[in-house]
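Undergrad: sharing a model prediction with you, sequence too.
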Amino acid sequence: MTQTVAAPTARRTPEFGDIRYEIDGPTAIITIDRPHRYNAFRGLTVEELITAFRLAWADKTVQVVILTGAGEKAFCTGGDVKQRAETGDYGPTESGMFEIGNLHKLIRDIPKPVIAAVNGVAVGGGHVLHVLCDLSIAAETARFGQAGPKVGSFDAGFGSAYLARVVGEKRAREIWYLCRMYDAATAERWGLVNAVVPADRLLDEAKAWAAEIAEKSPTALRFLKQSFNADTDHQAGLSNLAMSALDLFTASPEGLEGAAAFAQKRPADFVRHVNWH
């Protein structure tokens, strides 16, 4: 008796609103598509990014992932502070949670190299995203920095501890304590990015790197990525602790002052809210 085996169901790409997901040969290109908010992410954006990275993980034809932002102004400017000022959170999500910590871990855990194509400003949580990618290629117009202490936020997990592994302790502390912006040439000199190219060549260059990587053994690359990560995997515990602390801090008077000042375009008065005891 002949047994009929059902054909596998074709994988259908979900409808996305805040991001775009495309396949180009061996490369999945994930684009944060909120240029009207400088590609800042809200809860929905993060959920869609998680879905997209999982799609790329499951797709056997995908060997490399490129993460970039829509438009020319911004790669990603982190959490949507305007949304936070308006609603007190980052908006509704299907899970009921703001899953930025899970996105961080997913970028590290996906067993395929991830290239950040930094097309503009990468600041705050957007800066953390590019730092967590395996490689970063920047447009000449890109700029980099952290802004958390200016707007009542921080990333005391991967965003600081892993950053120190990338650029060294002194540079990492400078980036976080001063909240300055750095140009692409400085970022390359510090080892924060791998290469800098003209803006109109950025995506082509990222695709070329992806194509070169795709010629290599996927299994060898998987083991290499996991080996590189093993040295800093303990920082996931710091990340969990930091996210729990951030939940409490952003709801405090000091944290709320940062978001309100940003939305109202005025200097923040943090000191009057500080409890030093």
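TA: Happy to help now that I have it.
Undergrad: the helix or strand bottoming out on mean pLDDT in the chain packs against which elements?
TA: Using mean pLDDT, DSSP states H and E, helix 81-87 stands out as the lowest-scoring helix or strand of the chain, at a mean of 78. Contacts defined by 3 or more Cβ pairs under 8 Å, 6 or more residues apart in numbering; DSSP states H and E place helix 81-87 against helix 253-264. In this view, the C-beta of every residue, glycine as well, is placed from N, C-alpha and C.
Undergrad: please enumerate the helices of this protein.
TA: 43-58, 81-87, 100-109, 125-132, 148-151, 163-167, 169-178, 184-189, 202-214, 218-230, 235-250, 253-264 (DSSP state H).
Undergrad: adding mean neighbour count and distance to A116, write those out as TSV.
TA: Below are the helices of the chain laid out as TSV (neighbours: other Cβ atoms under 10 Å; distance: least, Cβ to Cβ, whole Å):
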stretch	mean neighbour count	distance to A116
helix 43-58	21	13
helix 81-87	18	22
helix 100-109	20	9
helix 125-132	27	4
helix 148-151	20	19
helix 163-167	17	12
helix 169-178	15	16
helix 184-189	18	11
helix 202-214	18	8
helix 218-230	13	15
helix 235-250	16	18
helix 253-264	18	25
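Undergrad: rank the ones you listed by pLDDT, which is bottom?
TA: Among these, helix 81-87 has the lowest mean pLDDT, at a mean of 78.
Undergrad: how far does that one sit from its chain's centre?
TA: Its chain's average C-alpha position is 19 Å from that of helix 81-87, according to Cα atoms, centre = their mean, to the nearest Å.
Undergrad: put the alpha carbons of it into CSV.
TA: Output of helix 81-87 as CSV, limited to C-alpha atoms (Å, rounded to 0.1, in the frame of the first residue of the first chain):
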residue,chain,number,x,y,z
VAL,A,81,10.2,58.6,23.5
LYS,A,82,7.3,60.6,22.1
GLN,A,83,5.1,57.5,22.4
ARG,A,84,6.4,57.0,25.9
ALA,A,85,5.6,60.6,26.8
GLU,A,86,2.1,60.3,25.3
THR,A,87,1.0,57.0,26.8
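Undergrad: mind listing residues that contact that helix?
TA: 37, 40, 42, 89-91, 151, 153, 250, 259-260, 262-263 (Cβ atoms under 8 Å, 6 or more residues apart in numbering).
Undergrad: before we move on, back to that, ok, which of the helices of the chain comes nearest P14?
TA: helix 43-58 (6.1 Å; Cβ to Cβ).
Undergrad: tell me what angle that closest one forms with helix 100-109.
TA: On the basis of axes from the mean of the first three to the mean of the last three Cα atoms, to 10 degrees, helix 43-58 is oriented at 20 degrees to helix 100-109.
Undergrad: which other helices and strands does helix 43-58 contact?
TA: Using 3+ Cβ pairs under 8 Å, 6+ apart as the contact criterion, the neighbours of helix 43-58 among helices and strands are strand 19-24, strand 27-32, helix 100-109.
Undergrad: distance check, the closest residue to N194 other than its chain neighbours against L192.
TA: Nearest residue to N194 in three dimensions, chain neighbours excluded: L135, at 5.1 Å (Cβ to Cβ, 6 or more residues apart in numbering). According to Cβ to Cβ, to the nearest Å, L135 stands 11 Å off from L192.
Undergrad: pull the CA atoms of stretch 255-275 into PDB?
TA: Extracted in PDB, the C-alpha atoms of stretch 255-275 (Å, rounded to 0.1, in the frame of the first residue of the first chain):
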ATOM      1  CA  GLY A 255      12.500  58.700  34.500                       C
ATOM      2  CA  LEU A 256       9.200  60.500  33.600                       C
ATOM      3  CA  GLU A 257      10.900  63.800  33.700                       C
ATOM      4  CA  GLY A 258      13.300  62.700  31.000                       C
ATOM      5  CA  ALA A 259      10.500  61.700  28.600                       C
ATOM      6  CA  ALA A 260       8.500  64.800  29.400                       C
ATOM      7  CA  ALA A 261      11.400  67.100  28.800                       C
ATOM      8  CA  PHE A 262      12.200  65.400  25.500                       C
ATOM      9  CA  ALA A 263       8.600  65.700  24.300                       C
ATOM     10  CA  GLN A 264       8.400  69.400  25.400                       C
ATOM     11  CA  LYS A 265      11.800  70.200  23.900                       C
ATOM     12  CA  ARG A 266      13.200  71.700  27.100                       C
ATOM     13  CA  PRO A 267      16.100  70.900  29.400                       C
ATOM     14  CA  ALA A 268      15.400  68.100  31.800                       C
ATOM     15  CA  ASP A 269      15.600  68.900  35.600                       C
ATOM     16  CA  PHE A 270      16.600  65.500  36.900                       C
ATOM     17  CA  VAL A 271      18.300  66.500  40.100                       C
ATOM     18  CA  ARG A 272      15.100  67.600  41.900                       C
ATOM     19  CA  HIS A 273      13.700  64.100  41.500                       C
ATOM     20  CA  VAL A 274      16.800  62.200  42.700                       C
ATOM     21  CA  ASN A 275      16.700  60.300  46.000                       C
END
